[in-house]
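S.K.: sequence plus the predicted model coming up.
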Amino acid sequence: MKIPFTNPVHLIMGMMIWALWLVLIYAGLSLGCIAAPEPESLSPFSWLNIALLIFTVNVSAFLLWMALRCWRYEPPESNEKQSLFILRVSAGIYLASAIATLVAGLPILVLPPCL
């Protein structure tokens with residue numbers, strides 16, 4: 001089932017995806033630390049950090065793609081003002097969610113996992 005971009009659910013979908021990413025990233029880090037042996041060095045470049053970084057970049061790219069799709073979508077002629085409002089605000093929320101995902105994922109680049 002495809003939800004049209006003018007549906008108001010897109011007003012909250014960006015932050016819902018971000019919140020789900022946040023839960024999954026910390027759950028993945030915790031489970032990875034349980035499964036992985038203690039690292040020899042305090043380098044941030046481990047298999048766990050690389051996996052978390054790839055997941056973070058993919059989620060951010062998806063959110064940016066959704067922001068672009070909402071921004072470029074042509075609203076139908078009926079309820080054009082309301083549809084345009086939903087599209088523009090949704091694009092902004094998707095963009096803010098993508099930025100929040102990248103900013104919250106920055107510690108993956110500099111901190112070692114499993115301290």
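M.R.: Everything's here; your move.

S.K.: next, give phi and psi for residue 12.
M.R.: phi -120, psi -10 (degrees, to the nearest 10).

S.K.: what sits closest to it if chain neighbours are left out?
M.R.: residue 93 (7.7 Å; CB to CB, 6 or more residues apart in numbering). Placement of C-beta: from N, CA and C, glycine included.

S.K.: quick one: low-confidence parts of the protein?
M.R.: 1, 38-40 (pLDDT under 70).

S.K.: 90 instead, please
M.R.: 1-8, 29-30, 32-49, 73-81, 83, 108-115 (pLDDT under 90).

S.K.: tell me which stretches of it form helices.
M.R.: 10-35, 47-72, 80-105, 107-110 (DSSP state H).

S.K.: returning to what we had before: quick one: residues contacting the residue nearest to residue 12.
M.R.: Residues near residue 93 by CB atoms under 8 Å, 6 or more residues apart in numbering: 10, 11, 12, 13, 14, 15.

S.K.: what about the second one, how many residues nearby?
M.R.: By other CB atoms under 10 Å, the residues close to residue 11 number 15.

S.K.: gap between it and residue 93?
M.R.: Residue 11 is 6 Å from residue 93, where distance means CB to CB, to the nearest Å.

S.K.: leaving out sequence neighbours, find the closest residue to residue 21.
M.R.: Spatially, and ignoring its direct neighbours in sequence, residue 21 is nearest to residue 59 (4.8 Å; CB to CB, 6+ apart).

S.K.: thought that neighbour was touching residue 16?
M.R.: No: with contacts counted by CB atoms under 8 Å, residue 59 stays clear of residue 16, the gap being 12.0 Å.

S.K.: the two: which is more packed in?
M.R.: The neighbour comparison of residue 59 against residue 16 (other CB under 10 Å) goes to residue 59, with 22 against 11.

S.K.: who are the contact partners of the more buried one?
M.R.: Per CB under 8 Å, 6+ apart, neighbours of residue 59: 17, 18, 21, 101.

S.K.: highest neighbour count among those residues?
M.R.: Sorting the contacts of residue 59 by how many neighbours each has (other CB under 10 Å) puts residue 101 first, at 25 neighbours.

S.K.: hang on, that residue packs against residue 15?
M.R.: No: Residue 101 is beyond contact range of residue 15, at 10.6 Å (criterion: CB under 8 Å).
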